[in-house]
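Take this sequence and fold it.
(one chain, ligands or ions: 1)
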Amino acid sequence: MTTQHRPIRSFVLRQGRVSNAQQRSFDTLMPAFGLTYSETTVDLTQAFGRTAPKILEIGFGMGEPTAHIAQHHPENDYLGVEVHMPGVGSLLKQIEELGLTNIRLIQHDAVEVLKNMIAPATLDGVHIFFPDPWHKKRHNKRRLIQADFVSLLCDRLKPGGYLHVATDWQDYAEQVLEVLNNEPNLINTADDYAPKPEYRPLTKFEQRGLRLGHGVWDLVFKRK
Ligand SMILES: C[S@@+](CC[C@H](N)C(=O)[O-])C[C@H]1O[C@@H](n2cnc3c(N)ncnc32)[C@H](O)[C@@H]1O
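Numbers count the residues shown, from 1 in each chain. This is a model prediction of the structure:
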């Protein structure tokens, strides 16, 4: 176990302009796989056209883990929320290439989506992989995982549903652990950090980081 603070992936994610291919995927596939943000709750059964476990992913970035997980778990439906348009285009392209039918996307702020579009007790799981670390002390308050946000997540999770957070910043991991431990509606599935669940793929950045001795922390909690 390492105690370094260097990020493995956070700065690797390309936050650049939308490529032509991403734009094309966005234009052609968003009508089929995208949900428009609205201030009324969405019927997820209708949106996916079937009854199946519904997993929300917040901030999927370029979407490789999302596509991988959806491909290997066709029994589940995955709702991805991301603000970054090249990422949305990139995941749509993977949906097309892999022929996936169990992903829907919303390009919007996930906090507003949770508040307004997701009905209470509807989610079977929530994935938050490598949330922006906001590593400067004065920016820590911008971090997504805070007590109010976690309480909102708990309200939207079904009893028995899970929350899975992964981060490569040790001090963020410690903060997440503290916030989740303090949420009365959650119970830790491990003593503190969890082993990486089988479904979360190791990306090449993570593999490289692990080879260099950097750490990644998974936290998996269950809704009571
Ligand atoms: C460090 S990246 C990680 C991306 C991806 N999960 C991964 O593992 O590669 C964090 C992502 O969260 C997205 N994000 C941050 N705040 C968000 C919010 N409030 N709603 C939706 N997406 C958000 C950012 O646009 C960014 O793509």
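
Go through the worst-scoring helix or strand of the chain on mean pLDDT and flag the buried ones.
Ranked by mean pLDDT, DSSP states H and E, the weakest helix or strand in the chain is helix 204-211, scoring a mean of 82. Judged by neighbour count (16 or more other Cβ atoms under 10 Å), helix 204-211 contains these buried residues: 205, 206, 209. Yep, even glycine has a C-beta here, placed from its N, CA and C like the rest.

Determine whether any part of the longest strand seen in the chain lies close to the ligand.
Ranked by residue count under DSSP state E, the longest strand found in the chain is strand 157-167. No. Against the ligand, strand 157-167 shows no contacts by Cβ under 6 Å from any ligand atom, the least distance being 7.5 Å.

Check which helices and strands that strand sits against.
strand 123-129, helix 170-182, strand 217-223 (3 or more Cβ pairs under 8 Å, 6 or more residues apart in numbering; DSSP states H and E).

Could I get the buried residue list for that strand?
157, 161, 162, 163, 164, 165, 166, 167.

what do you get for stretch 82-102?
For stretch 82-102, burial by neighbour count (16+ other Cβ under 10 Å) applies to 82, 84, 86-95, 100, 102.

Which elements pack onto the least confident helix or strand of the chain?
Using 3+ Cβ pairs under 8 Å, 6+ apart, helix 204-211 is in contact with no helix or strand.

those helices in this structure, which residues are they?
20-33, 44-48, 64-72, 85-98, 110-116, 147-156, 170-182, 204-211 (DSSP state H).

export these to a markdown table and tack on distance to the ligand?
Output for those, formatted as a markdown table (distance: least, Cβ to the nearest ligand atom, whole Å):
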| stretch | distance to the ligand |
| --- | --- |
| helix 20-33 | 13 |
| helix 44-48 | 18 |
| helix 64-72 | 6 |
| helix 85-98 | 5 |
| helix 110-116 | 3 |
| helix 147-156 | 9 |
| helix 170-182 | 11 |
| helix 204-211 | 8 |
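
Where among the ones you listed is average confidence lowest?
Looking at the helices of the chain, the lowest mean pLDDT belongs to helix 204-211 (a mean of 82).

Give me the angle between it and strand 123-129.
70 degrees (axes from the mean of the first three to the mean of the last three Cα atoms, to 10 degrees).

Name the nearest of the buried residues of strand 157-167 relative to residue 23.
residue 166 (29.4 Å; Cβ to Cβ).

Leaving out sequence neighbours, find the closest residue to residue 81.
Among residues not flanking residue 81 along the chain, residue 110 sits closest, at 4.3 Å (Cβ to Cβ, 6 or more residues apart in numbering).
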